[in-house]
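1. could you look at this predicted model? Sequence included:
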Amino acid sequence: MAYGQTSTGKTYTVSRVGKDDPSERGIMVRALEDILANASRTFDTVEVSYLQLYLESIQDLLAPEKNNIPIVEDPKTGEVSLPGVAVVKLQDFDHCLQILQIGEANRHAANTNINTESSRSHAILMVYVRKSLPGKTENEAFASTRDKKTEMLLNNGGPKVLKSKLLLVDLAGSERIDKSGSEGRLLEEARSINLSLTSLGKCINAVAENSPHIPARDSKLTRLLRDSFGGSARTSLIVTISQSARNYAETASTILFGQRVGAYRNFVPFTFVCASFNRIEHAFSLAMTMVNTVKLKEEFNYESLCRKLEQQVDYLTAETERQNKQREDDKEKMERKINECQNSFIEAERNLAARSEFLKKENNRLEAEIKDLLNELNLQKDRNTSMSDEVARLEMSLNQNKSMLADTTQMYEKKITELMVQLEDEQARFRSVQEQLVKKKILLSNCQASYIQIQDQKEIDDLKMKLEEISESHENAIKKFQSIESENEDLLLEKEKLNEELCMMQQKASAEEKQRRYVEDECAKLKRRVLDSGDGFEDKISYTKKNVSEVPSAFEYAMCLPKAHQPRETLSSQKNTISKILEEGKIKFDHRDQPNDLI
Ligand SMILES: Nc1ncnc2c1ncn2[C@@H]1O[C@H](COP(=O)(O)OP(=O)(O)OP(=O)(O)O)[C@@H](O)[C@H]1O
């Protein structure tokens, strides 16, 4: 075990790997080198585990993900084991260096994580050596390498295995908490380290005093080292001390600890290593010298130590005064800063109040604006409703107009049919008049023929008179026929006009239908936009109104309302013409009924 104040060279002495320079190697490497050199590759195994104990938690340095490893003690043998911890079998010395390097790197990484160069954990290298001892007849080649003990075991019987364990412990540095001024996590670490070191000291004291109870359960460190106290175990301690006068108190307590351990009966060599020595070999030689010296206590000059301690007290008092003064200055500065902060706080509060006032006003204004906008929206909604009513009314009137148009068209068609019937009647009557005319012509020619035969002048005169009458009536009939023909032509023209008007009206009706659909679409769009937002609603309403206002004039035109006088006049003239024709037809009828001799 290496024990000593922090930064006095424990890690330097114990754990350094010194891969490239053998003189840089610590005790761990040197011990393993020695063990491997004396082990048979065929029959012996050398295994290692490398752990660190930080804040009462055991971490595997060869598999750092394994943390908080439990300690198990065999109640019978008292052997300590760590289930789950990595146990690596060493192949050769190079492999051993690799393993120790890995352990060192993981310990360094752990220290960096807790942001310190100093080791705040206890590092423990466990070396398990198993030496196979072949039976008497086996492998005589190894006879020369056997020592007395082996020989003795062999003489006792068959093959055996010699088991041994070496623990190399780099303890965390002890420190005086009041002096180091550690706080927070550092304080917690220091407490944990000091606690474990104190319980280590207690255990050693107990062993030294041959006490029946060893308080090994007080800390994990002592539980881990449980099987190293007493029994067949041997313990060596390396004590590291600082050469600085400032650390005399710690140095003294470290040496006292070493002295206690020195009283332990199983203790083997007692070693001092001083960090002021540059080479470890020098330190060892000094240690060996120290082993043979008398009690350490007698080595000390307490008067000079006392003087030096007094000097240290003076220095510390001056330092305390200096720090107090600096604290006073800092306090003044802080008070000034607090005042400044208070002023700026008051200013900020004032600004906040002004800002809050402004925000209140702004809020009121916005609320009023929202109210106006809501009113406007309601107004727009009303307008929208009235627009919808207007659209519905227009739709209704359009439907009515449509039905009226259909009625009018039907009426005109009926009239046309009637006029056609009348025309056909007139044509039939005209044909009968023509037939009568032909008959009368024949009659006239017969009369002329009979006139030649009539000698009587009177008869001739009568006949002449009758002839003249007949000719006259004949001419009248021709005239009437011509007038009927012209009326017939007029009627045909009238019919064509009516057809044209009907076509026009149908076209206008379809145009109106389109107009109506367009208005409906516009209304639907407007409804949708009104629902989405009230923006631009006024413009759309006026646009729609304009479009809608044009609709009735087109209807009026299409439906022959007051603007369209022409078709109505045509209709009355048609009626007149038709009644004329009917009268003429009646006259013809009357004529037909007259006796033939009168004609
Ligand atoms: N014998 C020595 N020769 C030269 N340098 C040394 C010697 N011993 C220690 N040092 C140096 O002193 C410093 C502190 O040593 P080290 O880290 O080994 O101390 P420590 O006791 O392990 O400290 P801690 O307990 O805080 O981890 C290191 O820089 C180391 O190189």
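-> Cool, the structure landed.

2. tell me which helix or strand comes right after the host helix or strand of Lys202.
-> When secondary structure is defined by DSSP states H and E, Lys202 falls within helix 184-208. The first helix or strand that comes after helix 184-208 along the chain, using DSSP H and E, is helix 220-224.

3. can you give me the mean pLDDT across that following helix?
-> In this model, helix 220-224 has a mean pLDDT of 91.

4. from what I can see Lys440 touches Ile470, true?
-> Yes - under the contact definition of C-beta atoms under 8 Å, Lys440 touches Ile470, with a separation of 6.6 Å. (Each C-beta comes from the backbone N, C-alpha and C, glycine too.)

5. how near is the spatially most central residue of the chain to Asn194?
-> Centre of the chain computed as the mean C-alpha position; nearest residue by C-alpha atoms, centre = their mean is Asp532, 30.6 Å away. Separation of Asp532 from Asn194 (C-beta to C-beta, to the nearest Å) stands at 78 Å.

6. how many neighbours does the closest residue to Gly231 other than its chain neighbours have?
-> Among residues not flanking Gly231 along the chain, Gly78 sits closest, at 7.5 Å (C-beta to C-beta, 6 or more residues apart in numbering). Gly78 is flanked by 13 other residues according to other C-beta atoms under 10 Å.

7. contacts only, for Gly78.
-> Listed by C-beta atoms under 8 Å, 6 or more residues apart in numbering, the contact set of Gly78 reads Arg226, Asp227, Gly231.

8. change it to 10 Å
-> Residues touching Gly78, when contacts are defined by C-beta atoms under 10 Å, 6 or more residues apart in numbering, comprise Ala216, Arg226, Asp227, Phe229, Gly230, Gly231.

9. can you pick the most crowded of those residues?
-> Highest neighbour count within the contacts of Gly78: Ala216, with 24 neighbours (other C-beta under 10 Å).

10. helices of the chain, start to end?
-> In the chain, the segments counted as helices under DSSP state H are 10-14, 27-37, 93-113, 148-155, 177-180, 184-208, 220-224, 248-262, 280-291, 302-453, 457-532, 537-558, 566-593.

11. among those, which comes closest to the ligand?
-> With C-beta to the nearest ligand atom as the criterion, the ligand lies closest to helix 10-14 of these, at 3.4 Å.

12. which elements pack onto that closest one?
-> In this structure, helix 10-14 packs against strand 2-4, helix 27-37, helix 93-113, strand 122-133, strand 160-170, strand 235-241, strand 267-274, helix 280-291, with contacts taken as 3 or more C-beta pairs under 10 Å, 6 or more residues apart in numbering; DSSP states H and E.

13. for the third one, packing partners?
-> Applying 3+ C-beta pairs under 10 Å, 6+ apart, we find helix 93-113 packed against helix 10-14, helix 27-37, strand 44-54, strand 57-60, strand 88-89, strand 122-133.

14. over to the first one?
-> With contacts defined as 3+ C-beta pairs under 10 Å, 6+ apart, strand 2-4 has these neighbours: helix 10-14, strand 160-170, helix 184-208, strand 235-241, helix 248-262, strand 267-274.

15. for Glu33, what are its contacts?
-> Taking C-beta under 10 Å, 6+ apart as the definition, contacts of Glu33 comprise Pro22, Arg25, Phe93, Cys96, Leu97.

16. which two among those are spaced furthest apart?
-> When the contacts of Glu33 are compared pair by pair using C-beta to C-beta, the two farthest from each other are Pro22 and Cys96, 13.2 Å apart.

17. quickly list what's touching both of those two.
-> Once C-beta under 10 Å, 6+ apart is applied, the residues that Pro22 and Cys96 both contact turn out to be Val29, Glu33.

18. comparing the two, which residue is more hemmed in?
-> Relative neighbour count places Cys96 above the other of Pro22 and Cys96, with 22 against 10, counting by other C-beta under 10 Å.

19. out of the helices and strands packed on helix 10-14, which gets the lowest mean score?
-> That would be helix 280-291, which, of all these, carries the lowest mean pLDDT at a mean of 35.

20. related to what we said a few turns ago, got the helices of the chain as CSV, with distance to Val239 columns?
-> As requested, the helices of the chain are exported to CSV (distance: least, C-beta to C-beta, whole Å):
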stretch, distance to Val239
helix 10-14, 9
helix 27-37, 13
helix 93-113, 22
helix 148-155, 31
helix 177-180, 19
helix 184-208, 12
helix 220-224, 17
helix 248-262, 4
helix 280-291, 9
helix 302-453, 17
helix 457-532, 90
helix 537-558, 98
helix 566-593, 136
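
21. weakest of those in terms of mean pLDDT?
-> Taking the mean pLDDT of those, helix 280-291 comes last: a mean of 35.

22. ok so, going back, tabulate the helices of the chain (JSON lines), appending distance to the ligand.
-> Compiled in JSON lines, these are given as follows (distance: least, C-beta to the nearest ligand atom, whole Å):
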{"stretch": "helix 10-14", "distance to the ligand": "3"}
{"stretch": "helix 27-37", "distance to the ligand": "12"}
{"stretch": "helix 93-113", "distance to the ligand": "8"}
{"stretch": "helix 148-155", "distance to the ligand": "35"}
{"stretch": "helix 177-180", "distance to the ligand": "11"}
{"stretch": "helix 184-208", "distance to the ligand": "9"}
{"stretch": "helix 220-224", "distance to the ligand": "14"}
{"stretch": "helix 248-262", "distance to the ligand": "11"}
{"stretch": "helix 280-291", "distance to the ligand": "6"}
{"stretch": "helix 302-453", "distance to the ligand": "21"}
{"stretch": "helix 457-532", "distance to the ligand": "76"}
{"stretch": "helix 537-558", "distance to the ligand": "83"}
{"stretch": "helix 566-593", "distance to the ligand": "122"}
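
23. which one of the ones you listed lies closest to Arg130?
-> Taking C-beta to C-beta, helix 27-37 is the member of the helices of the chain nearest to Arg130, at 11.5 Å.

24. could you check how many residues crowd around Lys106?
-> No Lys there; residue 106 is Asn. 18.

25. so it makes contact with Ala86?
-> No - Asn106 is not in contact with Ala86 according to C-beta atoms under 10 Å; the separation is 11.1 Å.

26. overlap in contacts, those two.
-> Between them, Asn106 and Ala86 share these contacting residues under C-beta under 10 Å, 6+ apart: Tyr50, Asp60, Leu61, Leu62, Ala63, Pro64.

27. buried residues in the helix holding Lys202?
-> Within helix 184-208, the residues that count as buried by 16 or more other C-beta atoms under 10 Å are 186, 189-190, 192-193, 196-197, 199-208.

28. now stretch 367-382
-> Applying 16+ other C-beta under 10 Å to stretch 367-382 flags Gln380 as buried.

29. what would the shared contacts of Asn106 and Ala86 look like in JSON lines with distance to Lys414?
-> Conversion of the shared contacts of Asn106 and Ala86 to JSON lines gives the following (distance: C-beta to C-beta, whole Å):
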{"residue": "Tyr50", "distance to Lys414": "121"}
{"residue": "Asp60", "distance to Lys414": "115"}
{"residue": "Leu61", "distance to Lys414": "118"}
{"residue": "Leu62", "distance to Lys414": "117"}
{"residue": "Ala63", "distance to Lys414": "112"}
{"residue": "Pro64", "distance to Lys414": "111"}
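
30. which entry within the residues you listed corresponds to the minimum pLDDT?
-> The member of the shared contacts of Asn106 and Ala86 with the lowest model confidence is Pro64, at 90 (criterion: pLDDT).

31. state the distance from that one to the ligand.
-> With distances taken as C-beta to the nearest ligand atom, to the nearest Å, Pro64 is found 18 Å from the ligand.

32. what do you get for Asp92?
-> To the ligand, Asp92 is 27 Å away according to C-beta to the nearest ligand atom.

33. got a list of what that residue touches?
-> If you count contacts by C-beta under 10 Å, 6+ apart, Asp92 has them with Leu36, Arg41, Val46.

34. pLDDT score assigned to it?
-> Reading off the per-residue confidence, Asp92 sits at a pLDDT of 91.

35. out of the helices and strands packed on helix 93-113, which is closest to Arg393?
-> Taking the helices and strands packed on helix 93-113 one by one with C-beta to C-beta, strand 57-60 is closest: 90.4 Å.
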